[in-house]
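Trainee: Have a look at this prediction, sequence included:
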Amino acid sequence: MTLKGNSEHQKHAKLAKPDLGHFGRNEFALMGTPCGRIKKLAGSIISSLSALNIAFVDADHKAAEIEGEPALHQGAALAFTDKISFRRCDYLDNPNAFHIKKQFNTCDAVVVNGNHFKAAHQVLVIDPKKPLDRKLDRITKPILVILTSEVNEIPSYLIALTRGLPVLAWDDTAAIQKFIKEWILSRLPAVKGLVLVGGKSQRMAQDKGALQYHGKTQRQHLYDQFQHVGLESWISCRLDQAEQLEAALPKITDTFLGLGPMGALLSAFRSDPNAAWLAVACDLPYLQEDTIKFLLDNRDPSKVATAFESPFDEFPEP
């Protein structure tokens, strides 16, 4: 008997994956000019974005040798050094794509020396000292063109690739900094609302999300509040309770079980890994829209999360 393969069979579940580049979510390569100019431009951009966490990726032109780390010479896999003003971690292994993304995960943006590394987006510097005609395969999503003082137009081989892009002069530092800052901020994850109703309310002995303090169920009330402040929102619930909830409410059912609210957050990120989620427990009848707006207005997207701090024990409020 011959077994016929099923072409539709899929070994692993289909998961929504975050939009990541080679190093992080928001990355761009500076390319088209010598490394000295790239470092100067990168330094100017980074210094203007001091409120954000910016990383810089570069290569060392020196010969490949282990300098100043006897531990590595002696066989250590990793050497951590506290340099007082900064910390340095030296290791021998060549990191893979997963290790690299983990390293840059806390950064708002990554500036890359495009002479040595690829990035998802590119800033093209038109400089006769480093023409881009041999690097066209690296130009995938250009966002900006910068003309050095030696040129006054875009080369013909780049016309099609750069059509519609803003063009700035190398000496116009303020305009370059402004463009990059606006580009980064425009790509910060959008906030979406998540009302947590998946608890079993064992101590109250009835569904806390179904209680009515404002003429409607508490889950509906919180969902409406999110809608009023402009948040696209969902109800987070258990699979076994989804059919019991209001049919009109969009739902995200738990796919990580036995983890409480953390499972709800993980399920939301699994649903949309490119969003930032504002999660609210359903048992907050006195929560007001002004409080939600205040939290949104004071959100720090450079941090892992933003929460209110308790005035009593300095713990984060849920």
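Mentor: Received it, and whenever you're ready, just let me know what you need. Numbering: from 1, shown residues only.
Trainee: And the strands in this structure, which stretches?
Mentor: 27-31, 54-57, 78-82, 87-91, 109-113, 121-126, 142-147, 167-169, 191-196, 233-237, 251-253, 276-281 (DSSP state E).
Trainee: Nearest to residue 317 among those strands would be which one?
Mentor: strand 276-281 (10.2 Å; CB to CB). Any C-beta I mention is one placed from the backbone N, CA and C, and that applies to glycine too.
Trainee: Contacts made by that closest one with the rest, please.
Mentor: If you take CB atoms under 8 Å, 6 or more residues apart in numbering as the criterion, strand 276-281 is touched by 188-196, 222, 226, 231, 236, 261, 264-265, 268-269, 287, 292, 295-296, 299, 301, 318.
Trainee: Please list the outside residues in contact with the one helix or strand in the chain whose mean pLDDT sits lowest.
Mentor: Least confident helix or strand, the chain: helix 70-73 with a mean of 70, by mean pLDDT, DSSP states H and E. Contact with helix 70-73 is made by 66, 79, 90-92, as judged by CB under 8 Å, 6+ apart.
Trainee: Pick out the most distant pair among those residues.
Mentor: 66 and 91 (10.7 Å).
Trainee: now the stretch 51-200 of the chain, which segments are flagged as low pLDDT?
Mentor: Residues of the stretch 51-200 of the chain that meet the criterion pLDDT under 70 lie in 62-70, 200.
Trainee: on that earlier part again, just the buried residues from the contacts of strand 276-281, in PyMOL please.
Mentor: Only the buried entries of the contacts of strand 276-281 go into this PyMOL selection, using 16 or more other CB atoms under 10 Å:
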select buried, resi 188+191+192+193+194+195+196+222+226+231+236+264+265+268+269+292+295+299
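Trainee: Could you give the number of residues near residue 119?
Mentor: 25 (other CB atoms under 10 Å).
Trainee: didn't it look like it was pressed against residue 25?
Mentor: No: taking CB atoms under 8 Å as the definition, residue 119 is not a contact partner of residue 25, at 11.6 Å.
Trainee: quick one on the thing from earlier: mind listing what's buried in the least confident helix or strand of the chain?
Mentor: residue 72.
Trainee: Going along the chain, name the helices of this structure.
Mentor: Here the chain has its helices, by DSSP state H, at 35-47, 70-73, 97-103, 159-162, 173-186, 218-228, 261-271, 289-297.
Trainee: what distance separates stretch 223-233 from the centre of its chain?
Mentor: 23 Å (CA atoms, centre = their mean, to the nearest Å).
Trainee: how long is that stretch end to end?
Mentor: 7 Å (CA to CA, to the nearest Å).
Trainee: what sits against residue 177?
Mentor: Counting by CB under 8 Å, 6+ apart, residue 177 has contacts 44-45, 48-49.
Trainee: ok, back up a step: drop anything exposed from the contacts of helix 70-73.
Mentor: The buried subset of the contacts of helix 70-73 - by 16+ other CB under 10 Å - is residue 79.
Trainee: Kindly indicate which of the contacts of helix 70-73 lies nearest residue 208.
Mentor: residue 91 (49.1 Å).
Trainee: Roughly how far does the closest one sit from residue 55?
Mentor: When distance is defined by CB to CB, to the nearest Å, residue 91 is 17 Å away from residue 55.
Trainee: what does residue 219 give?
Mentor: 40 Å.
Trainee: more neighbours, the two?
Mentor: Neighbour count, other CB under 10 Å: between residue 219 and residue 55, residue 219 has more, with 23 against 17.
Trainee: Return the residues in contact with the more buried one.
Mentor: Residue 219 neighbours (CB under 8 Å, 6+ apart): 195, 197, 209-210, 235, 245-246, 249, 282.
Trainee: which of those are buried?
Mentor: Counted by 16+ other CB under 10 Å, those give 195, 197, 209-210, 235, 245, 249, 282 as buried.
Trainee: now these as TSV including distance to residue 36?
Mentor: As requested, the buried ones among the contacts of residue 219 are exported to TSV (distance: CB to CB, whole Å):
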residue	distance to residue 36
195	53
197	58
209	61
210	66
235	55
245	61
249	58
282	58
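Trainee: Neighbours of the closest residue to residue 305 other than its chain neighbours, how many?
Mentor: Spatial nearest neighbour of residue 305, chain neighbours left out: residue 316 (7.8 Å); criterion: CB to CB, 6 or more residues apart in numbering. Using other CB under 10 Å, residue 316 has 10 neighbouring residues.
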